[in-house]
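Visitor: Predicted model follows, preceded by the sequence.
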Amino acid sequence: MRFFFRTRQFKIIVAIFSVVVVISLVFGLAADKMSPFSDAAGVLTAPFRNAYTAVSNGIKDFLKTTNDGNELMIKNTEQEKEINELRKKIADYETTKNKNEFLTKYLGIKEDNKDFMFAPATLISRDNGDKYQGFVINKGSLSGIKLYDPVITDAGLVGFITEVGTTTSKVTTVLSPNLSLGALDSRTSDSGVIKGETNLAEKGMCRLINLSRTCGVAMGDYVISSGEGIFPDGILIGSIANIGTDPTNSSIYADIKPFVDFKEIRNVMIITSFEGQGGIVKQGDK
């Protein structure tokens, strides 16, 4: 018997038994893992499964992004609509507020001049080639505007209407040589004629001419309309910025800085009627 344990057959049996024991132990310890065949199949199919997973996740991400984008777009559109509605409300509020403030400024003038008939208007265009800062307003004959109607703001006299259309009119300012206006010093009552000059217009000024050599006008005095011709009396024009002597006739003149800032005009009032309204004053009528 002892010779059998030394035989080749016994050694083969022992080897086979050892292999079986080892395999049993390995699979016994790793019973929760996949079989070698499944693992091999997994290794072979891994690239395909990874590709499928990547494509699938990509599609899901794309659809999610698209849905999120659509929701965001809808949300932004709704917000933009709300913003536009709010802007419109603000614009309407500002328009109403400005209109009320604009009209309120003229109540005092109306109270002091109950005979005045007003027509409010808005500047719609400027002539950049006009040295005298004339402009066009959005009211015409349909609104009762007439040729030579005086134009004012709450600050003072602007000028007068020189062209009338159906729905628009042209305003010529006191800076223009085409306007002659009877005026006087509100402190001394010295009278003269307001006349525009090109060199003064460039500085935003006009001139009070034909003042008596014995007049008492002084720098800083206010100049107002005297009520002759097409302009009512007592409308503020400006203040005296310079006084000189006319070399041609030895009369006194005064350079006037208008109270109205012509570059900032947005709204005006046209005086369509007042007591004593007459014709246009021409230079030399004084």
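Guide: Ah, there it is.
Visitor: Could you list the low-pLDDT ranges of the protein?
Guide: With pLDDT under 70 as the threshold, the chain has low-confidence stretches at 1-70, 72, 75, 84-113, 278-286.
Visitor: And the strands in it?
Guide: Counting by DSSP state E, the segments of the chain that form strands are 117-126, 135-137, 150-153, 156-164, 169-173, 180-185, 191-195, 206-211, 222-226, 233-245, 252-258, 267-273.
Visitor: Need those strands in CSV (columns: mean neighbour count).
Guide: (Each C-beta comes from the backbone N, C-alpha and C, glycine too.) Written out in CSV, the entries for the strands of the chain read as follows (neighbours: other C-beta atoms under 10 Å):
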stretch, mean neighbour count
strand 117-126, 15
strand 135-137, 21
strand 150-153, 23
strand 156-164, 22
strand 169-173, 23
strand 180-185, 25
strand 191-195, 23
strand 206-211, 23
strand 222-226, 22
strand 233-245, 17
strand 252-258, 21
strand 267-273, 20
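Visitor: what would those strands look like in a markdown table with distance to residue 71?
Guide: As requested, those are exported to a markdown table (distance: least, C-beta to C-beta, whole Å):
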| stretch | distance to residue 71 |
| --- | --- |
| strand 117-126 | 44 |
| strand 135-137 | 50 |
| strand 150-153 | 53 |
| strand 156-164 | 56 |
| strand 169-173 | 54 |
| strand 180-185 | 67 |
| strand 191-195 | 68 |
| strand 206-211 | 65 |
| strand 222-226 | 66 |
| strand 233-245 | 62 |
| strand 252-258 | 60 |
| strand 267-273 | 46 |
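Visitor: how about those strands, which one is nearest residue 74?
Guide: Distance to residue 74, taken as C-beta to C-beta, is lowest for strand 117-126 among the strands of the chain, at 39.5 Å.
Visitor: check contacts around residue 174.
Guide: By C-beta atoms under 8 Å, 6 or more residues apart in numbering, the contact set of residue 174 is 157-159, 181, 194, 196, 206, 237, 258.
Visitor: Since that was my last question, I'll sign off now.
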